[in-house]
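[1] Sequence below, structure please.
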Amino acid sequence: MSARPNLFLVGAPKCGTTALAQYLSEREDVFFCAPKEPFFLADDIPGLREMTFLPDEAAYLKLFEGADPARHAIVAEGSTAYLRSTRAIPAALEMSPDARFIAMLRDPVKIAHGYHMEQIYDRNEDVEDFETAWRLQDARAGGQAISPHARIPAFLQYEETARIGEQLERFFAAVPAERRLVLLQEDLLEDPRGTWLKVLDFLGLPDDGRTEFPAVNPSRKHRFPWLANLVLDPPGPLKRPVYALRAWLVRTRPPIVEKIKASLRKEQAREALSPEFEAELRALFLPEVETVEALLGRDLSAWKPRPVATAAQAAG
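    All right, here's what the predicted structure looks like:
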């Protein structure tokens, strides 16, 4: 019988969950499934199970069959859509009633902006300008202006993805305080060692002396978008076999394939937002930020609206 996960990294996206998953997976007492994000429990987001080739619970639990109860105190997965989903966390608790959960957060403006670039990389998004894509959300909610390569149209709703206040309220209501941990990406960047010790204490794991915390999953783009489209959204007759092959490659990670994948992508910094558009987003997300402040008891002034310099002020 396959082990069941007892730790879920639930999101939010672009907040450091990939880095934390990588650090945890390098420990001998932690088993992390591959893919890191099976997305299986977020069955209220159409298309996710098909994309990861996990049709049922048996297929999902097979991801954890390599876990050894005698060696792995922690059996984990890290699907960043779970915090957004209304059904994933209750489903996780039903499957593993004693499971622990870690949520990672950052400035919601940066979540939305970073998630847009990730959707471009995943070929789910074909509008490269973030402000343009943002203003298409209503049309896309009605099924319009969606890329023919988009597999998960719900992921194009950037505002919903970044509504971390209501997501955190739902998370706190579902998971007992002693079995949840909320981290800010800033904490991991500014005090990685202290944040790591907090994670280990929460999980009941001994200090491994780790002092190196390299960046993981930077912003990136494909060198050959046409090839990415072919692999990520294959023609109809090839879709099922290609998805199955991709799922196998993610689980097994053959070194030669990983080298080829690395050669086909390059890092790319995100385009800066205009001051006016950033101000608009900060005003929109202010209630979300205030909710997170209240729930965590932390000052998050850096996430709130800032004065916008006028053209005359900038010139003078």
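[2] neighbours of Glu280, just the number please.
    17 (other C-beta atoms under 10 Å). C-beta: built from backbone N, CA, C; applies to glycine.
[3] Next, give phi and psi for it.
    Backbone torsions of Glu280, given as degrees, to the nearest 10, read phi -60, psi -40.
[4] pretty sure Leu41 belongs to a helix, no?
    No - Leu41: not assigned to a helix; according to DSSP: H, G, I helix; E, B strand; the rest coil it is coil.
[5] pLDDT wise, what is it at?
    If you check Leu41, the pLDDT there is 97.
[6] now swap in the one 5 residues further on and tell me
    Pro46 is assigned a pLDDT of 90 by the prediction.
[7] Next, it: secondary structure please.
    Assignment for Pro46 (three-state DSSP): coil.
[8] Check the contact between it and Ala150; I expect there is one.
    No - applying C-beta atoms under 8 Å as the test, Pro46 and Ala150 come out as separate, 11.4 Å apart.
[9] neighbour-wise, which of these two wins?
    A side-by-side neighbour count of Pro46 and Ala150, using other C-beta under 10 Å, places Ala150 first with 19 against 12.
[10] which residue sits closest to Leu9 in space, ignoring its chain neighbours?
    Gly78 (3.4 Å; C-beta to C-beta, 6 or more residues apart in numbering).
[11] remind me which residues of the chain are low pLDDT?
    In the predicted model of the chain, residues 1, 217-233, 235-236, 238-240, 242-253, 255, 257-269, 308-316 satisfy pLDDT under 70.
[12] redo that, cut-off 50
    311, 314-316 (pLDDT under 50).
[13] contact partners of stretch 44-52?
    Contacts with stretch 44-52, where a contact means C-beta atoms under 8 Å, 6 or more residues apart in numbering, come from 35, 37-40, 42-43, 55, 81, 84-88, 151-155, 243, 247.
[14] Mind telling me what element Phe101 is part of?
    Per DSSP states H and E, Phe101 falls inside strand 100-105.
[15] Next secondary structure after that strand?
    Next along from strand 100-105, by DSSP H and E: helix 108-121.
[16] Counting neighbours, what do you get for the residue nearest to Leu9?
    26.
[17] Please, which helix or strand holds Leu181?
    Going by DSSP H and E, Leu181 is part of strand 180-184.
[18] now the helices for the stretch 51-200 of the chain?
    57-62, 88-95, 108-121, 130-134, 137-141, 158-161, 164-174, 185-190, 192-203 (DSSP state H, counting those that start in this stretch).
[19] list the helices and strands the fifth one packs on?
    Applying 3 or more C-beta pairs under 8 Å, 6 or more residues apart in numbering; DSSP states H and E, one finds that helix 137-141 contacts no other helix or strand.
[20] what's the spacing between it and its chain's center?
    The chain centroid and the centroid of helix 137-141 are separated by 22 Å under C-alpha atoms, centre = their mean, to the nearest Å.
[21] now swap in the longest one and tell me
    The chain centroid and the centroid of helix 108-121 are separated by 10 Å, computed with C-alpha atoms, centre = their mean.
[22] Give the partner strands of the strand holding Phe101 in its sheet and their orientations.
    Its sheet considered, strand 100-105 pairs with strand 7-11 (parallel), strand 180-184 (parallel) by DSSP bridges.
[23] Take the ones you listed and lay them out in TSV including distance to Phe64.
    Shown next, in TSV, are the strands paired with strand 100-105 (distance: least, C-beta to C-beta, whole Å):
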stretch	distance to Phe64
strand 7-11	11
strand 180-184	21
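[24] So for Arg27, which of the ones you listed sits nearest?
    strand 7-11 (11.9 Å; C-beta to C-beta).
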